[in-house]
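Asks: below are the sequence and a predicted model for it; my questions follow.
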Amino acid sequence: MRKVAYAAAETDSTRQSPHHAVPSRALKLQTIGQRGLKPSMGSMKSRIAPLAVCLSVLVGPAYAQAPPSLNLGIYYWGGDPDPGSISEGVNEIAAMGSHIARLAISARMNIDYNISSSCIANFTLTQAMQDPDVKQALDNPAISVYVLTAYDGVTFPDCVSHLYLEPSTYTPWTSKQIVAEYSDLTYYLYTTYRTTNKRFVISNWESDNDVYCANADAYATDPTVQANCNAGYAQMYGGNANPAVSFEGLKIWFQLRQTGIEEGRARALAAGIGGMRVYFAPEFNIVRCLHDAGLESTLYDILPYVGFDYVSYSSYQSFGDGGDPSADLVQDLGTIQNIIGTDAIMIGEIMTASPGEAPQTFIDTLQSAMNAGIAWGVPYMIYYQLYSALTCPVCGVIDPSGNITQLGEFLEGYLAGTQTCPADTASSKPRSSSPVQRVPKSAGGSSGWLGRSR
């Protein structure tokens, strides 16, 4: 069994609120009415001391904070072999040396994590936190920051309907229920973890993709994709006539989520629990192409008008234009800062390997990008994902056979701040030890959350 190290994160007194996708990125929609969400893939700005890294891996200047695990986290959202346990996946993240875990929490989470094939009836986020497996995952002493891709039971009740994008959802009664659900969640996290240093960031999945038929980049750049999306838009989006209407619903949802979190904080303060423990970080995934095409986007048209603590940038666009990925990421982070008026920007997904890409080539690019993000001052960045999909066995930290991949070995070394020189070029190796006992599973499994490839 690998020993899981623990490093303390920020305390209540040191961190205050700074402000008021998968191997294949191709469009993948389920049947009409079952729209897929994931088809594919502080204010402190310190100058970071250089970290010595092997020349065989180094691309551009290398930087590290002490320890790097306070910056880099790992996303666990299904995969193969999915162990059928959220806590087991979090144990794997901790064993890698990371202190940041990102999880998907919704009425669909039993399906997402291969626990059962059923949508959770009468779902609430607080009840999800109290589920024994989830509670064990959140109690993990090695994890100090949890980024939760969270969907409430009011606006995603049946694991199919994305009611949060439909303005007609927001009656006085439903709005009150949404606020109450996030208030209760926040109060629960404050009271349950009051004696710990744990922090919780409430986010969502790639708002631009969510609004633009799961492929915002193609919608902006490919007339055929845009025409096809527009033609079936009302049927796919609960009667919304066009993306502008969906953005209207998204804005209201963000506002209600933030209101609920603020109310929960106030309840905690009234109970004698101060400090900052729960944060709100709406996620987007497009910086340039939508705005350049004269189309609405989350960055330009929603985020400047809602409250948040961080914003989460799923940063695939910064690496897909054929330029210098690190330079493009830094430029995009600067653009985001200029638009939202703060540098409280986390990277909700840093980048993901593509099927067929040489592991070392991807590792070189990934390291350069992570170094650039940390040097810029990004507080958290998340690698997607923990368990590889069958379509790209070497793209995750752990391959479908349960072995750590070459990428996983690199990330483990990066988190430890050690030199990273793989002894060979094998895409994955048997693990000498494991923090969990693995249960063999057959290949395949259910599809990811609303279309996210497994």
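Replies: Great, that's in hand.

Asks: just the strands in the stretch 51-200 of the chain please.
Replies: 72-76, 100-105, 145-150, 199-203 (DSSP state E, counting those that start in this stretch).

Asks: so which of those strands comes closest to Ala271?
Replies: strand 199-203 (17.2 Å; C-beta to C-beta). In short, each C-beta sits where N, CA and C put it, glycine included.

Asks: residue ranges in the stretch 1-150 of the chain under the pLDDT threshold?
Replies: 1-70 (pLDDT under 70).

Asks: what about 90?
Replies: 1-70, 78-84 (pLDDT under 90).

Asks: closest one to Asp399 among the strands of the stretch 51-200 of the chain?
Replies: The nearest among the strands of the stretch 51-200 of the chain, by C-beta to C-beta, is strand 72-76 at 14.7 Å.

Asks: check which helices and strands that closest one is in contact with.
Replies: Judged by 3 or more C-beta pairs under 8 Å, 6 or more residues apart in numbering; DSSP states H and E, strand 72-76 is in contact with helix 86-95, strand 100-105, strand 381-384, helix 406-416.

Asks: note down every partner strand of it and its orientation.
Replies: If you go by DSSP bridges, strand 72-76 pairs up with strand 100-105 (parallel), strand 381-384 (parallel).

Asks: most tightly surrounded among the strands of the stretch 51-200 of the chain?
Replies: Greatest average neighbour count among the strands of the stretch 51-200 of the chain goes to strand 72-76 (a mean of 27), per mean count of other C-beta atoms under 10 Å.

Asks: adding distance to Ile143, write the helices and strands packed on strand 72-76 out as JSON lines.
Replies: Shown next, in JSON lines, are the helices and strands packed on strand 72-76 (distance: least, C-beta to C-beta, whole Å):
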{"stretch": "helix 86-95", "distance to Ile143": "6"}
{"stretch": "strand 100-105", "distance to Ile143": "5"}
{"stretch": "strand 381-384", "distance to Ile143": "13"}
{"stretch": "helix 406-416", "distance to Ile143": "13"}
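
Asks: about what we covered before: so which of the strands of the stretch 51-200 of the chain is nearest Pro359?
Replies: Per C-beta to C-beta, nearest to Pro359 of those: strand 72-76, 16.8 Å.

Asks: got the angle for the closest one vs strand 145-150?
Replies: Using axes from the mean of the first three to the mean of the last three C-alpha atoms, to 10 degrees, the inter-axis angle of strand 72-76 relative to strand 145-150 is 40 degrees.

Asks: who's in contact with strand 72-76?
Replies: For strand 72-76, contacts defined as C-beta atoms under 8 Å, 6 or more residues apart in numbering pick out 86, 89-90, 92-93, 96, 98-103, 145, 147, 349, 370, 380-387, 397, 411, 414-415.

Asks: what mean pLDDT does the helix or strand hosting Ala234 get?
Replies: Per DSSP states H and E: Ala234 is located in helix 233-236. For helix 233-236, mean pLDDT rounds to 97.

Asks: isn't Asn90 up against Asp139?
Replies: No Asn there; residue 90 is Val. No: using C-beta atoms under 8 Å, Val90 is not in contact with Asp139; the gap is 9.5 Å.

Asks: neighbour count winner among these two?
Replies: With neighbours defined as other C-beta atoms under 10 Å, Val90 and Asp139 compare such that Val90 has more, 28 against 14.

Asks: relative to Trp253, how far out is the more buried one?
Replies: Distance from Val90 to Trp253, counting by C-beta to C-beta, to the nearest Å: 27 Å.

Asks: ditto for Tyr76
Replies: According to C-beta to C-beta, Tyr76 stands 24 Å off from Trp253.

Asks: one more: Gly356?
Replies: To Trp253, Gly356 is 38 Å away according to C-beta to C-beta.

Asks: packing partners of the longest helix belonging to the chain?
Replies: Under DSSP state H, the helix in the chain containing the largest number of residues is helix 243-270. For helix 243-270, the packing partners by 3+ C-beta pairs under 8 Å, 6+ apart come out as helix 172-192, helix 207-211, strand 278-280, helix 298-301.

Asks: give me the helices and strands touching the longest one, please.
Replies: Contacts of helix 172-192 with other secondary structure elements, assessed using 3+ C-beta pairs under 8 Å, 6+ apart, are made with helix 125-130, strand 199-203, helix 243-270, strand 278-280.

Asks: start to end distance for stretch 316-327?
Replies: Stretch 316-327 has its terminal residues 14 Å apart, counting by C-alpha to C-alpha, to the nearest Å.

Asks: whoops, I mixed them up, stretch 294-310
Replies: Stretch 294-310 end-to-end distance (C-alpha to C-alpha) = 26 Å.

Asks: could you give the number of residues near the closest residue to Tyr113 other than its chain neighbours?
Replies: Using C-beta to C-beta, 6 or more residues apart in numbering and skipping the chain neighbours, the partner closest in space to Tyr113 is Ile86 (5.4 Å). By the criterion of other C-beta under 10 Å, Ile86 has 27 neighbours.

Asks: give me the distance between Ile86 and Pro132.
Replies: From Ile86 to Pro132 the distance is 10 Å (C-beta to C-beta).

Asks: show residues contacting stretch 183-195.
Replies: Here stretch 183-195 makes contact (C-beta under 8 Å, 6+ apart) with 124-126, 129-130, 138, 150, 200, 202, 260-261, 263-265, 267-268, 271, 273, 277-278.

Asks: buried subset of those residues as a PyMOL selection?
Replies: Selection of the buried residues among the contacts of stretch 183-195 in PyMOL, burial being defined by 16 or more other C-beta atoms under 10 Å:
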select buried, resi 124+125+126+129+138+150+200+202+260+261+263+264+265+267+268+273+277+278
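
Asks: you'd agree Val306 is up against Thr259?
Replies: No: the criterion here is C-beta under 8 Å, and Val306 misses it with Thr259 at 10.1 Å.

Asks: pick out whichever of the two has more residues nearby.
Replies: Val306 (21 against 17).

Asks: need the contact list for the more buried one.
Replies: 251, 254-255, 258, 282.

Asks: so which of the residues you listed is the most crowded?
Replies: Going by other C-beta under 10 Å, Pro282 tops those with 25 neighbours.

Asks: ok, the nearest residue to that residue once chain neighbours are set aside to Ser297 distance?
Replies: Leaving aside its sequence neighbours, Pro282 sits nearest to Phe254 (C-beta to C-beta, 6+ apart; 5.2 Å). Counting by C-beta to C-beta, the separation of Phe254 from Ser297 is 14 Å.

Asks: distance from the chain centre to the longest helix of the chain, please.
Replies: Helix 243-270 sits 19 Å away from the centroid of its parent chain (C-alpha atoms, centre = their mean, to the nearest Å).

Asks: thanks a lot, see you next time.
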